[in-house]
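Colleague: My questions are about this predicted structure, shown below with the sequence.
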Amino acid sequence: MENINIAVVDDHKLFRSGLANLIQNINSNFTVVCEADHGKHFLEQLENQIIPDLALVDINMPVMDGFQTVKQLKELYPKMKLLVVTMNDDDTSLLKMLRLGIKGYISKDVDPEELERAIIDMVDKGFHYTEQMTSQLIGTINGDKSELEKQDALNPKELRFIELACSEDTYDKIADKMCLSVKTIDNYRASVFDKLGVKSRVGLVMYAMQNGLFI
C-alpha cells in the first residue's frame with residue numbers, strides 16, 4: 001500500500017491531536033499532513049500545501065461547520081476523499097451528508113481497527129460505513145418482492161410523501177405542504193416504510209437514491 005496523506009479537521013484540539021497520533025500509529029503508511037480547527041482554516045491551509053488524499057472532518061465546528069466544509073471541498077477538490085467523523089449519528093445529519101455526496105461516515109468512538117479499515121476503504125473503494133451506520137442508512141429490504149412491485153404498491157400521496165421526505169423538511173413541514181395533519185403524515189410514513197421494507201427516513205432516502213426516485 002502506498003503512503004496515504006491525511007488531514008484532520010476538528011475544533012477540539014485534544015481530540016484532534018489524539019486522532020492524528022492514532023492515525024499515524026495504527027499504520028506506517030498513514031501520514032497526517034494537516035490539522036485544522038474548522039473548515040475555513042483547512043481551506044486556507046490547502047492553498048499553500050500538499051493536497052491530502054483523505055480528510056477526516058467533524059460536523060460541529062465554529063466558523064465553517066462540517067456541512068459547509070464538505071460542500072466546499074467537493075467543489076474545489078473533487079479528488080479528495082472525505083470521511084465524516086462525528087458523534088452526530090441522527091437521521092437529519094446523515095441525510096444532509098448523503099445529499100452532499102458523502103460516502104464515508106464513522107463515529108468518534110470507533111475502534112482503532114475500524115478507523116484503519118475506514119481509511120483504507122475510502123482510498124481503495126471510495127466509501128465506508130460502519131455496520132451500525134449501514135443498518136441505519138439502508139434498513140432491511142424484503143427479498144420476496146421485486147423493487148417494481150414495491151413501487152407499484154405506492155399510491156400518489158405516498159409517492160408525494162417520499163419526494164418531500166427526500167428534502168430537508170421536517171415532518172411538520174411536510175404535513176403543511178401536503179395540507180394534511182401530522183398524524184396522517186405519520187400514517188403515510190408507516191405505510192411507506194412497510195411497503196418498501198425500510199426502517200428510517202435515511203433508509204428511505206437511500207432507497208430512493210438507489211432506485212432513481214426523485215433524487
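Modeller: Great, that's in hand.
Colleague: what's the domain layout of the chain?
Modeller: 4-137, 139-210 (automatic domain parsing).
Colleague: can I get those domains in JSON lines with mean pLDDT and mean neighbour count?
Modeller: Where C-beta positions appear, they are placed from N, C-alpha and C, glycine not excepted. Formatted as JSON lines, these follow (pLDDT from 0 to 100; neighbours: other Cβ atoms under 10 Å):
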{"stretch": "domain 4-137", "mean pLDDT": "88", "mean neighbour count": "17"}
{"stretch": "domain 139-210", "mean pLDDT": "83", "mean neighbour count": "16"}
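Colleague: Could you export stretch 174-190 as CSV, CA atoms only?
Modeller: Once non-C-alpha atoms are left out, stretch 174-190 reads as follows in CSV (Å, rounded to 0.1, in the frame of the first residue of the first chain):
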residue,chain,number,x,y,z
ILE,A,174,-44.2,18.1,5.0
ALA,A,175,-47.7,17.9,6.6
ASP,A,176,-48.2,21.6,5.8
LYS,A,177,-47.1,21.2,2.2
MET,A,178,-49.4,18.3,1.7
CYS,A,179,-52.3,20.1,3.6
LEU,A,180,-52.6,17.1,5.9
SER,A,181,-52.4,16.6,9.7
VAL,A,182,-49.1,15.4,11.3
LYS,A,183,-50.9,12.2,12.4
THR,A,184,-51.9,11.5,8.7
ILE,A,185,-48.2,12.0,7.7
ASP,A,186,-47.2,9.6,10.4
ASN,A,187,-49.6,7.0,8.9
TYR,A,188,-48.1,7.6,5.4
ARG,A,189,-44.6,7.2,6.8
ALA,A,190,-45.5,3.9,8.5
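Colleague: what does that stretch contact?
Modeller: By Cβ atoms under 8 Å, 6 or more residues apart in numbering, the residues outside stretch 174-190 that reach it are Lys157, Glu158, Arg160, Phe161, Leu164, Ala165, Asp169, Tyr171, Asp172, Arg201.
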